[in-house]
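# Take a look and give me a structure for this.
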Amino acid sequence: MTENSLSQVLATAWNALAAQKLPAAIVGGLALAFWKHPRSTRDIDLLIIASGQQVKGLIQALEPVGFHLRNEHSIRLGQTDLFQFKYTPEGESLEIHLDLLVANGDFTKKAVARSVVIPGANPPLRVLCCEDLILMKLLSARIIDLADATRLLELNDFNRIQLERQAAEL
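Residues are numbered from 1 along each chain as shown. Next comes the predicted model:
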């Protein structure tokens with residue numbers, strides 16, 4: 001898998017989201033790179049705001065462009081429902097995974113609303129603000145996510161008051 005393949009798959013998925021007019025933001029490993037902490041990732045993670053019918057429409061929109069559900073049902077993860085897809089770029093043998101996290105709680109919905117535009121990205125992409133990415137990593141509580149949160153805190157200027165307020169709310 002090349003960086004170009006990951007970018008191509010991200011653009012394909014993002015365009016399908018845009019066609020459905022669903023607010024979304026990049027989370028996970030790709031978001032880390034935007035906030036000065038690049039690390040290897042094997043998938044694309046997108047946080048979206050969508051209702052049940054909108055999710056069905058999105059799944060139907062992703063299938064014709066090459067995405068296939070990996071599981072018949074979503075997986076509940078705290079304030080999100082996870083839909084996992086696989087995609088094999090043309091001319092490649094390794095599949096790329098797309099994780100769609102559907103925002104169900106107030107925090108995740110507000111996080112998408114507070115996301116920032118990635119300058120110069122084509123198509124125009126959004127990524128969680130640093131504070132929200134840190135909190136999502138802390139909420140996950142996996143060792144790698146806790147390490148990611150620590151690095152984000154070390155490498156970035158962020159709104160400490162906002163971070164502390166949101167952490168207290170959670």
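# SS state for the most centrally placed residue in the chain?
With distances taken as Cα atoms, centre = their mean, L46 lies nearest the centre of the chain, 2.4 Å away. Assigned with DSSP: H, G, I helix; E, B strand; the rest coil, L46 falls in the strand class.
# That one against D99, yeah?
Yes - when contacts are counted by Cβ atoms under 8 Å, L46 is listed as touching D99 (7.2 Å). Glycine gets a C-beta too; all of them are placed from N, C-alpha and C.
# Could you pull out the helices in this structure for me?
Along the chain, the stretches classed as helices by DSSP state H are 3-19, 28-34, 52-62, 106-113, 130-140, 143-155, 160-169.
# Which per-residue confidence value corresponds to the residue of the chain positioned farthest from its centre?
Distance from the C-alpha centroid of the chain peaks at G91, with 25.4 Å (Cα atoms, centre = their mean). G91 carries a pLDDT score of 83 in this model.
# any idea how far it lies from S5?
9 Å (Cβ to Cβ, to the nearest Å).
# Same question for G29.
Applying Cβ to Cβ, one obtains 14 Å for the distance of G29 from S5.
# For Q84, find the nearest of the helices of the chain.
Across the helices of the chain, Q84 has its closest neighbour in helix 52-62 (11.3 Å, Cβ to Cβ).
# Could you check the angle the closest one makes with helix 3-19?
Here the directions of helix 52-62 and helix 3-19 differ by 130 degrees (axes from the mean of the first three to the mean of the last three Cα atoms, to 10 degrees).
# low pLDDT regions in the chain?
Across the chain, the stretches falling below the confidence threshold (pLDDT under 70) are 1-3.
# For K110, give me its contacts.
For K110, the set of contacting residues under the criterion of Cβ atoms under 8 Å, 6 or more residues apart in numbering consists of D132.
# With A113 instead?
P23 are the contacts of A113 under Cβ under 8 Å, 6+ apart.
# now do L22
Contact partners of L22, counting by Cβ under 8 Å, 6+ apart, are I48, I49, A50, Q54, L58.
# ok, 6 Å please
Residues touching L22, when contacts are defined by Cβ atoms under 6 Å, 6 or more residues apart in numbering, comprise I48, A50.
# roughly how far apart are H37 and T150?
Counting by Cβ to Cβ - H37 and T150 are separated by 10 Å.
# So between these two, which is more surrounded?
When H37 and T150 are compared for neighbours, H37 comes out ahead with 20 against 14, by other Cβ atoms under 10 Å.
# got a list of what that one touches?
By Cβ under 6 Å, 6+ apart, the contact list for H37 reads R151, L152, L155.
# Nothing else from me, thank you.
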